[in-house]
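Colleague: Structure for the following, please:
(one chain, ligands or ions: 2)
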Amino acid sequence: MPELRQNFFTKEWVIIATERAKRPEELVMHRVAQPVPAFVADCPFCPGNESKTPQEVLRYPASGEPWAVRVIPNKFAALSSEVQPTRSLQHLRRRIAGFGFHEVIVDSPDHSRYMGLLPDAQVASILRVYKERYNALSFDHRVNHITIFKNHGVDAGASLQHPHSQLIATPVIPSQVRHRLNEALRHYDDVGECMFCQMVASEVEDQTRIVLKSERFVAMEMFASATPFATHIFPLRHMASFGDISEMELNDLARVLRTLLAKLYVGLENPDLNFTVRSGPAEYSGARHFHWYVSVIPRLTRVAGFELGSGMFINTVLPEAAAEFLRKVAVDKVAGAGAGQ
Ligand SMILES: [Zn+2]
Ligand SMILES: [Zn+2]
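Modeller: Ligands and ions are numbered 1, 2, ... in the order given. Now for the predicted structure:
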């Protein structure tokens, strides 16, 4: 029988349509892999073309040659750090001058290597750079929210082939984010505990939706997953801001994120996907009610009229079946520790 499930923190309802339920195997992309070269002469992100990008914000290792990760301003930035976030209100029309930061993080010098196929140490370097930029931009009092994300594949919005991530810092807190923060605070007021810590503990005990667990992180399907194979990674230690991740946690997250991306890559044959770091604002450091996480969303289905008209999703894959499928995908032969070095 079909069933409606409620997302515990957004309070949104999802239809799990078991009548049209698909076995996870039915969503495999069956793509013919196109060979991608490791170096492309006219790619602005490939080594040797550093002068073709806007001036570098940072590189890792610092002033390192060759570099492992580079951060540059987005040449086609959605927002500009050159303007001030001046606010105005005219009748009902509220505006803010388009202030913000839009940066590109080049994942590695290798044009062909998707993050899920990089060595764990390289993924850790990328995460270290995320943290450094997150904390640096959080100090700017004009910044109210920072989104770190990756678009992998055309259907996920990637316009350049060279693997990269992005960061957008905005002068406002998006209402979707504010809603989650408010729900988390309401739960804390009612129960006296972080709802994410509670949920993670009960899911770890239940096991059925767990994809993988390390000493410090757990990756799982959500009980009311809106789309097939949407997987969340939570730190096991309570932490409201991504900026507070420790060096040991960072290395552990690199392993868990890379393994999950590799499982999706192998199991579903390189689906387009987005992932995003969803963190409380930096000044939430120490807040007891919110808990940051990473959400990984494969783009296997299209949003249609019902979703647009209601905000409610129909998911045709049982989250428990997706978790079981991903647990079984073996990835020890692709990248990870030491591979490709
Ligand atoms: Zn390139
Ligand atoms: Zn927590």
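
Colleague: For the stretch 1-150 of the chain, which residues are neighbours of ligand 1?
Modeller: Contacts of the stretch 1-150 of the chain with ligand 1, taken as C-beta under 5 Å from the ion, map to 40, 43, 45-46, 111. Bear in mind the C-beta positions are built from the backbone N, C-alpha and C, glycine included.

Colleague: Closest one of those to ligand 2?
Modeller: Among those, Phe45 lies closest to ligand 2 (C-beta to the ion), at 36.2 Å.

Colleague: ok, back up a step: tell me which of the residues of the stretch 1-150 of the chain next to ligand 1 fall in helices.
Modeller: Within these, no residue falls in helices by DSSP state H.

Colleague: Widest-spaced pair of these?
Modeller: Greatest spatial distance in these: Val40 and Phe45, 8.9 Å, computed using C-beta to C-beta.

Colleague: Those two: who's more crowded?
Modeller: Just comparing Val40 and Phe45: by other C-beta atoms under 10 Å the higher neighbour count belongs to Phe45, 22 against 15.

Colleague: Overlap in contacts, Val40 and Phe45.
Modeller: Counting by C-beta atoms under 8 Å, 6 or more residues apart in numbering, the contacts common to Val40 and Phe45 are 111, 162.

Colleague: got the contact list for His238?
Modeller: Contact analysis of His238 by C-beta under 8 Å, 6+ apart lists 194, 196-197, 288, 291.

Colleague: what's the most distant pair in these?
Modeller: The most widely separated members of these are Phe196 and Arg288, with 10.9 Å between them, by C-beta to C-beta.

Colleague: With neighbour numbers in mind, choose between these two.
Modeller: More neighbours surround Phe196 than the other of Phe196 and Arg288, with 23 against 15 (other C-beta under 10 Å).

Colleague: Surely the more buried one and Phe234 touch.
Modeller: Yes - counting by C-beta atoms under 8 Å, Phe234 is a contact partner of Phe196 at 6.3 Å.

Colleague: Need the residues touching each of the two.
Modeller: Common neighbours of Phe196 and Phe234 (C-beta under 8 Å, 6+ apart) are 291, 293.

Colleague: and the longest helix that the chain contains, what does it pack onto?
Modeller: Looking across the chain with DSSP H, the single longest helix is helix 247-267. Other helices and strands packing on helix 247-267, by 3 or more C-beta pairs under 8 Å, 6 or more residues apart in numbering; DSSP states H and E, are helix 120-138, strand 210-213, strand 217-221, strand 231-235, strand 273-278, strand 293-298, helix 319-328.

Colleague: distance of Ala33 from Asp110?
Modeller: With distances taken as C-beta to C-beta, to the nearest Å, Ala33 is found 16 Å from Asp110.

Colleague: Of those two, which one has the most company?
Modeller: A count of neighbours by other C-beta under 10 Å puts Asp110 above the other of Ala33 and Asp110, at 19 against 7.

Colleague: check contacts around the more buried one.
Modeller: Here Asp110 is in contact with 38, 118, 163 (C-beta under 8 Å, 6+ apart).

Colleague: at 7 Å what do you get?
Modeller: Applying C-beta atoms under 7 Å, 6 or more residues apart in numbering to Asp110 gives the contacts Ala38.

Colleague: pLDDT score for it?
Modeller: What the model reports for Asp110 is a pLDDT of 97.

Colleague: Equivalent analysis for the one 3 residues further on, please.
Modeller: pLDDT, the model's per-residue confidence, is 94 for Arg113.

Colleague: surely it meets Pro163?
Modeller: Yes - Arg113 lies in contact with Pro163 (C-beta atoms under 7 Å); the separation is 6.5 Å.

Colleague: which residues are contacting stretch 40-56?
Modeller: Outside stretch 40-56, the residues that touch it by C-beta under 7 Å, 6+ apart are 39, 66, 70-73, 75, 106, 109, 111, 160, 162, 164.

Colleague: Please pick the buried ones from these.
Modeller: Buried members of these, counted by 16 or more other C-beta atoms under 10 Å: 70-73, 106, 109, 111, 162, 164.

Colleague: Pick the one among those residues closest to ligand 2.
Modeller: Closest to ligand 2 out of these is Val71 (29.1 Å), distances taken as C-beta to the ion.

Colleague: The closest one is in what secondary structure piece?
Modeller: If you go by DSSP states H and E, Val71 is part of strand 69-73.

Colleague: and that strand, which strands flank it?
Modeller: As defined by DSSP bridges, the strand partners of strand 69-73 come to strand 58-60 (antiparallel), strand 101-106 (antiparallel).

Colleague: Relative to its centre, which residue of the protein is most distant?
Modeller: His91 (37.4 Å; C-alpha atoms, centre = their mean).

Colleague: where does that residue land on pLDDT?
Modeller: Listed pLDDT for His91 reads 92.

Colleague: How about Gly336?
Modeller: 68.

Colleague: Now the stretch 1-150 of the chain against ligand 2: closest residue?
Modeller: Taking C-beta to the ion, the stretch 1-150 of the chain has Phe9 as its residue nearest ligand 2, at 11.2 Å.

Colleague: in terms of contact, does that residue touch Arg180 like I think?
Modeller: Yes - shown here, Phe9 and Arg180 form a contact pair, counting by C-beta under 7 Å, at 6.0 Å.
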